[in-house]
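1. A predicted structure for the sequence below; I have some questions about it.
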Amino acid sequence: MFVEWTPRLSVGVAPMDDAHKRLIELMNRLYELCDGGEPKSEVRRALKALADFTVRHFREEEAFMQSIAFPGLSNHKRIHANLIEQLGEHVNAFESGSGSLPNGFFTFLKVWLTAHIMGIDGKYGEHARAKG
Ligand SMILES: [Fe+2]
Ligand SMILES: [Fe+2]
């Protein structure tokens, strides 16, 4: 297994934790496919599922932050846009490559999980709790 959800990743907002758990599942699936040397078409499908879910999750998260009047919303949106852009670059590199994903891609995913979910997403969780 590539990454595991732990309570340390909790942002204290159940629907967002559920989405993060799903993201981790999709990342693990992708990792297993690459690790097992599965065909490019399979890896592509899993990569697309991860990218699609990410776009949807970011949209939902932004709507949630708006609903609690989170003051860091515009900054958080910029960070999401940047992540989507980086993910897009990885997808393009994958398409022009041999069909596997380099270690750098999985490092990117790990940094995303730790730095973004624990650091950045945690902030709206604190705000939601403070508001009650
Ligand atoms: Fe998130
Ligand atoms: Fe986020």
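-> Cool, the structure landed. Computed from a predicted structure; not experimentally measured. Ligands and ions are numbered 1, 2, ... in the order given.
2. how far is the longest helix seen in the chain from where the chain is centred?
-> Ranked by residue count, the top helix of the chain under DSSP state H comes out as helix 40-67. Helix 40-67 sits 7 Å away from the centroid of its parent chain (CA atoms, centre = their mean, to the nearest Å).
3. how distant is the next helix or strand after that helix from the center of its chain?
-> Note on helix 40-67: by DSSP states H and E, the next helix or strand toward the C-terminus is helix 73-95. On the basis of CA atoms, centre = their mean, helix 73-95 is displaced by 10 Å from the centre of the chain it belongs to.
4. tell me the average confidence for the very next helix or strand once past helix 73-95?
-> Next helix or strand after helix 73-95 toward the C-terminus (DSSP H and E): helix 103-111. For helix 103-111, the mean pLDDT works out to 93.
5. so how far is helix 103-111 from its chain's centroid?
-> Offset of helix 103-111 from its chain centre (CA atoms, centre = their mean): 11 Å.
6. Residues in contact with that helix: which ones?
-> Here helix 103-111 makes contact (CB atoms under 8 Å, 6 or more residues apart in numbering) with 2-3, 27, 31, 86, 90, 93-94. (Glycine included, C-beta is placed from N, CA and C.)
7. could you redo the last one with a cut-off of 10 Å?
-> The contact list for helix 103-111 (CB atoms under 10 Å, 6 or more residues apart in numbering) reads 2-3, 23-24, 26-28, 30-31, 34-35, 47, 50, 83, 86-87, 89-91, 93-94, 101-102.
8. Which positions in that helix come out as buried?
-> Residues of helix 103-111 classed as buried: 105-106, 108-109 (neighbour count, 16 or more other CB atoms under 10 Å).
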